[in-house]
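Sequence and predicted structure, then a few things I'm wondering about:
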Amino acid sequence: MGYPHPSHPRETPILSRYFGDAEARTLAGWQARGGYEVLREALATDPQQLQGIVKDSGLRGRGGAGFPTGMKWSFMKPDGKVHYLCCNADESEPGTFKDREIMRWTPHALVEGVALAAHAIYAETAYIYIRGEFTEPYARVSRAVEEAYAAGFLGANAMGSGRRVDVHVHRGAGAYICGEETALMNSLEGRRGNPRIKPPFPAVAGLFGKPTTINNVETLTTVPHIIRHGAEWYKQYGRPDNPRSVGTKLFSVCGNVSRPGLYEVALGFPFREFLYDLCGGAPSGREIKAVIPGGSSVPILTREEAEGAVMDYEGFVAAGTMLGSGGVIVFDDRQDMVRQIARLTRFYAHESCAQCTQCREGTAWITRIMERIRDGEGTAEDLDTLVSISENMSGKTICVLSDSCATPVLSGLRKFRHEFEARIAPSRSTVAVPGALRAPAA
Amino acid sequence: MSHGPSASGGALVAAPAHGAHDVPHEPVFVGAQRAELDRILSRYPTKQAALLPALWMLQDARGWVSEGGMAEVAEMLGLTPAYVKGVVTFYTMYHQHPVGRHFVQVCTTTPCNVCGAEEVVQAMLKATGCPDLGLTSPDGRFTVIEVECLGACGFATPIMVNNDFIESVTPESVARLVAELP
Ligand SMILES: Cc1cc2nc3c(=O)[nH]c(=O)nc-3n(C[C@H](O)[C@H](O)[C@H](O)COP(=O)(O)O)c2cc1C
Ligand code: SF4
Ligand code: FES
């Protein structure tokens, strides 16, 4: 089907197949579509074997970092310790809204994936941590969990397997940083959501100090398909010449684009065709100026760079950016890049948990300087200061939020430097910058 | 974390209304609510892990998280009130002051911003009669704030009214939307 518009013929709808199909939301509807069959089989399968299939499939984490899922799971051994699975449903990276639609339309697909993964990593308990603002996804997933318990699919003897699988839904309370895996664990434990220093890594000491695996919603929803159809089936999706990026990926498209929404394509898809044929390009009469292809934390591409990019982990790296979360943000030729980059740095300044000096001070100073340039009060020296602060806040902190704030500034300065320079006296009035003369809205 | 001003210089948290802070706290965790909390506690190996859910229950019952409420939550979970306050202040969604009957959050982060979210904010302030961001309208019906990405960027501009999402809001659709709220 597809949501909010029918799937394009060039899409490969595996996860999104039932988006927009309200019947798929119920347990009966999900079972009528083949749901929970693979969980029943998996619960009777040795976890090592499940880990092996996922490893062979080449699946990589869909939360942003792209870590191989099978390898992550292989850190979890039958050591007799209590293990936990965390499902990361904090989805707060600007531009990203794919997990939301998985949870809204196919909540049982997630519950099934979570239960399967819990078994595969020798855990009896899984927590799905959903951002506080996602009230509808929270209600839908909670309902699905209740239905699954009532049917005996979860609990002390899940699907009659003799194994215990408990799944609990936990609601966040507003903090982007809780999407960082160790911050999420702190938050779940009833603490402030500060990321932890690693090591120890979660596989050694994670939630409640126990070995823990954390995966994104999309990652976990993909797993049952792989177990059902096999690693070879999954690997058919992707560029034949790039075995490191396989499978399908959900891309959430937003900003100045004709058909915003969700698209699921096989990795290796040409970005030009994606932007124009699937998403319809910029709204009529306008042109694309820039694209951020993987959520706000990855480098900005110019239109030309975007048009030449290939949509997989390596393809986006070759284009100078990253696949990230798959949140595609499109800017048209009316947009003022200085203004929008300043808005992004403000986001990071607001979301910094403030425990690292470089991040707390860096995000605040960058925002102050960016806004001063936006308002026509910057100096030429400010551009150098921006670079120096950005470099000083990258690679030096507990988590990468700090780096993420520097990214749009550095890539923006490199690719749209003329827009920054045009804001700085005296050339300001002679160079036309879209939006530059518009008064701030507030 | 909310340690900075918002994009357009307004407040991201609601400002206090006079008087409400002096009203004594009526216990929330009695009867059915107490049973619900016990059910939640059974999901975690520590009592502390029930802190966010307990604070949600408190806010759902009272509309905001008062000092008295935090003290009650602390007692239920074996924590100190200072610890609970430390956690409450980390998260943006717990109201530390009473807010209007309709708490309106408008996303203005970049993806929505390029689609005109700031104009939606202005239209919202005008339609609700709120003097500024974070302030409650004189009739007590509305409080409007700007928020960061609501995770619905393809449906610009999304707003939240209390617990409900409204997608694809435009400056033109604001007036009717506000008029339809009780
Ligand atoms: C600041 C920050 C925010 C993050 N937010 C999210 C998020 O909202 N959802 C998510 O799945 N991963 C997020 N991540 C990545 C997680 O730390 C982690 O890598 C991921 O959940 C692992 O799951 P995966 O291997 O299935 O991708 C974030 C990371 C950082 C540094
Ligand atoms: S980098 Fe920023 S968000 Fe991450 S831990 Fe340090 S202060 Fe917190
Ligand atoms: S930027 Fe507005 S919902 Fe994501």
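Okay, I see it. Remember, predicted model here, so these are calculated numbers, not experimental data. Ligands and ions are numbered 1, 2, ... in the order given.

Give me the residue ranges of the chain where confidence is low.
I'll assume chain A. Low-confidence segments of chain A (pLDDT under 70): A:426-442.

try again with chain B
B:1-22.

Strands along that one, start to end?
B:102-107, B:142-147, B:159-161, B:164-166 (DSSP state E).

okay, now the residue in chain B positioned nearest to ligand 1: neighbour count?
Relative to ligand 1, the nearest point of chain B is B:G151 (8.5 Å; Cβ to the nearest ligand atom). In this view, the C-beta of every residue, glycine as well, is placed from N, C-alpha and C. When neighbours are defined as other Cβ atoms under 10 Å in any protein chain shown, B:G151 has 27 of them.

hmm, back to that, generate a markdown table for the strands of chain B, with mean neighbour count and distance to ligand 3 as supplementary columns.
Shown next, in a markdown table, are the strands of chain B (neighbours: other Cβ atoms under 10 Å in any protein chain shown; distance: least, Cβ to the nearest ligand atom, whole Å):
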| stretch | mean neighbour count | distance to ligand 3 |
| --- | --- | --- |
| strand B:102-107 | 24 | 3 |
| strand B:142-147 | 24 | 8 |
| strand B:159-161 | 21 | 10 |
| strand B:164-166 | 15 | 10 |
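
could you dump those to a markdown table with distance to chain A?
A markdown table is the format used below for the strands of chain B (distance: least, Cβ to the nearest Cβ, whole Å):
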| stretch | distance to chain A |
| --- | --- |
| strand B:102-107 | 8 |
| strand B:142-147 | 8 |
| strand B:159-161 | 6 |
| strand B:164-166 | 6 |
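
nearest to A:T221, of those strands?
strand B:164-166 (21.3 Å; Cβ to Cβ).

Just to check, B:Y44 is in contact with B:L52?
No. B:Y44 sits out of contact with B:L52 when judged by Cβ atoms under 8 Å, with a separation of 10.7 Å.

the more surrounded of these two?
Taking neighbours as other Cβ under 10 Å, B:Y44 and B:L52 compare with B:L52 leading, 28 against 21.

Which residue ranges of the stretch 201-350 of chain A form strands?
Per DSSP state E, counting those that start in this stretch, the stretch 201-350 of chain A carries strands over the ranges A:212-216, A:248-255, A:261-266, A:269-270, A:288-292, A:301-302, A:310-311, A:327-332.

In this structure A:R346 contacts A:T367, no?
Yes. Taking contacts as Cβ under 8 Å, A:R346 lies within contact range of A:T367: 5.0 Å.

neighbour count winner among those two?
More neighbours surround A:R346 than the other of A:R346 and A:T367, with 27 against 24 (other Cβ under 10 Å).

Could you measure from the more buried one over to chain B?
According to Cβ to the nearest Cβ, to the nearest Å, A:R346 and chain B sit 5 Å apart.

cool, A:A306 as well?
16 Å.

same thing with A:I130?
For A:I130 relative to chain B (Cβ to the nearest Cβ), the value is 10 Å.

Excluding chain neighbours, what is closest to that residue?
A:A89 (4.3 Å; Cβ to Cβ, 6 or more residues apart in numbering or on different chains).

mind checking how far that neighbour is from ligand 3?
In this view, A:A89 and ligand 3 are 15 Å apart by Cβ to the nearest ligand atom, to the nearest Å.

how many other residues sit next to A:T212?
Neighbour count for A:T212, taken as other Cβ under 10 Å: 27.

If it is in a bridge, with which residues?
A:T212 has these beta-bridge partners by DSSP bridges: A:Y84.

near ligand 3, which residues of chain A?
Within chain A, the positions lying close to ligand 3 (Cβ under 6 Å from any ligand atom) are A:P94.

show me the residues around the residue of chain B closest to ligand 1 that make contact.
Residues counted as contacts of B:G151 (Cβ atoms under 8 Å, 6 or more residues apart in numbering or on different chains) are A:91-92, A:96-97, A:99-100, A:131, A:133-134.

roughly how far apart are it and ligand 3?
Look at B:G151 and ligand 3: by Cβ to the nearest ligand atom, they are 6 Å apart.

How about the backbone phi and psi for that residue?
Dihedral pair for B:G151: phi 70, psi 30, per degrees, to the nearest 10.

Could I get the contacting residues of B:E148?
B:E148 sits next to A:92, A:94, A:176, A:347, A:350-351, B:107-109 when contact means Cβ under 8 Å, 6+ apart.

In helices only, show me those.
Among these, the ones falling in helices (DSSP state H) are A:347, A:350-351.

Which one of the residues you listed is nearest to ligand 3?
Closest to ligand 3, out of all of the ones in helices among the contacts of B:E148 and judged by Cβ to the nearest ligand atom, is A:F347, at 8.6 Å.

got a list of what that closest one touches?
Going by Cβ under 8 Å, 6+ apart, A:F347 touches A:94, A:176, A:296, B:109-110, B:148-149.

picking up where we left off before, can you put the contacts of B:G151 in a markdown table and add distance to A:G247?
As requested, the contacts of B:G151 are exported to a markdown table (distance: Cβ to Cβ, whole Å):
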| residue | distance to A:G247 |
| --- | --- |
| A:E91 | 19 |
| A:S92 | 24 |
| A:T96 | 18 |
| A:F97 | 20 |
| A:D99 | 16 |
| A:R100 | 20 |
| A:R131 | 25 |
| A:E133 | 29 |
| A:F134 | 25 |
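
Next, the angle strand A:212-216 makes with the helix or strand hosting A:L184.
Using DSSP states H and E, A:L184 sits in helix A:181-188. Here the directions of helix A:181-188 and strand A:212-216 differ by 100 degrees (axes from the mean of the first three to the mean of the last three Cα atoms, to 10 degrees).
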